[in-house]
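K.L.:
Here is my input, please return the structure:
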Amino acid sequence: MNLQDININNYIITTPYPKILNKEPQNMIKKYLINIYAGKKGEFTSLSQYIYQYFILKPSETFKNISEALEKISITEMIHSEIVSQILLSIGVSPKFCTYIDNNPNICNYWSASNIIYETDLKQFITYNITLEECAIKEYTLIKELTTSENIKEIIDRILEDENSHLNFFNDVLKNL
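P.N.:
Model prediction:
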């Protein structure tokens, strides 16, 4: 296999996401949800990172399939961001683009574009993308272990399918560079 043979459609999960039904307080997972939503390596950072990389690669005919894949993956990360925002709202937390200091919603470290790594070398940024996906998998797995809500566990299982697929995609790209 070579780089041009890697097709993003082989990495797209089409199973629908479960509906958010949760109405239970989830104090144990609030800070983790905020972090996966808008932390330095959270969903908002990932979608922004991948959009930037898409812009970088879009003019290149050589990396057209990778560019298109980054666009699709960023859209999936946007969906994850929306889902997490709705879970946050369901447990009474405003989905601000920040991480709370000492779990206090009145004291925030706001999300910043400085969270994005402005790397233009393909191998370097694919390696970083692998780190982002591994962090997401680790965070979602922790949230799943801590939550008491079966609905949230079900939603996270579905999101983890995407994150693992993204990780597989980036690993396959890296192997073929």
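K.L.:
Show me what the lowest-mean-pLDDT helix or strand in the chain is packed against.
P.N.:
When the helices and strands of the chain are scored by mean pLDDT, DSSP states H and E, strand 104-110 comes last with a mean of 83. Under the contact criterion of 3 or more Cβ pairs under 8 Å, 6 or more residues apart in numbering; DSSP states H and E, strand 104-110 touches strand 98-101. From N, CA and C alone the C-beta is placed, and that goes for glycine too.
K.L.:
CA atoms only for the strand it packs on - export them in PDB, please.
P.N.:
Only the C-alpha atoms of strand 98-101 are listed here, as PDB (Å, rounded to 0.1, in the frame of the first residue of the first chain):
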ATOM      1  CA  CYS A  98     -12.400  26.900  28.500                       C
ATOM      2  CA  THR A  99     -11.200  24.700  31.300                       C
ATOM      3  CA  TYR A 100     -12.300  25.500  34.800                       C
ATOM      4  CA  ILE A 101      -9.700  26.300  37.400                       C
END
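K.L.:
Report the mean per-residue pLDDT for it.
P.N.:
Taken as a whole, strand 98-101 has an average pLDDT of 86.
K.L.:
And for stretch 45-53?
P.N.:
98.
K.L.:
picking up where we left off before, name the residues of the helix or strand following the least confident helix or strand of the chain that come out as buried.
P.N.:
Downstream of strand 104-110, the next assigned helix or strand under DSSP states H and E is helix 122-146. Under the neighbour-count criterion of 16 or more other Cβ atoms under 10 Å, helix 122-146 has 122, 125-126, 128-130, 132-133, 135-137, 139-140, 143-144 buried.
K.L.:
how far out from the middle of the chain is helix 122-146?
P.N.:
Distance of helix 122-146 from its chain centroid, counting by Cα atoms, centre = their mean, to the nearest Å, is 8 Å.
K.L.:
name the helices or strands packed onto it?
P.N.:
helix 30-38, helix 43-57, helix 150-175.
K.L.:
Generate TSV for those helices, with distance to Pro105 and mean neighbour count as supplementary columns.
P.N.:
Formatted as TSV, the helices and strands packed on helix 122-146 follow (distance: least, Cβ to Cβ, whole Å; neighbours: other Cβ atoms under 10 Å):
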stretch	distance to Pro105	mean neighbour count
helix 30-38	9	22
helix 43-57	17	21
helix 150-175	19	19
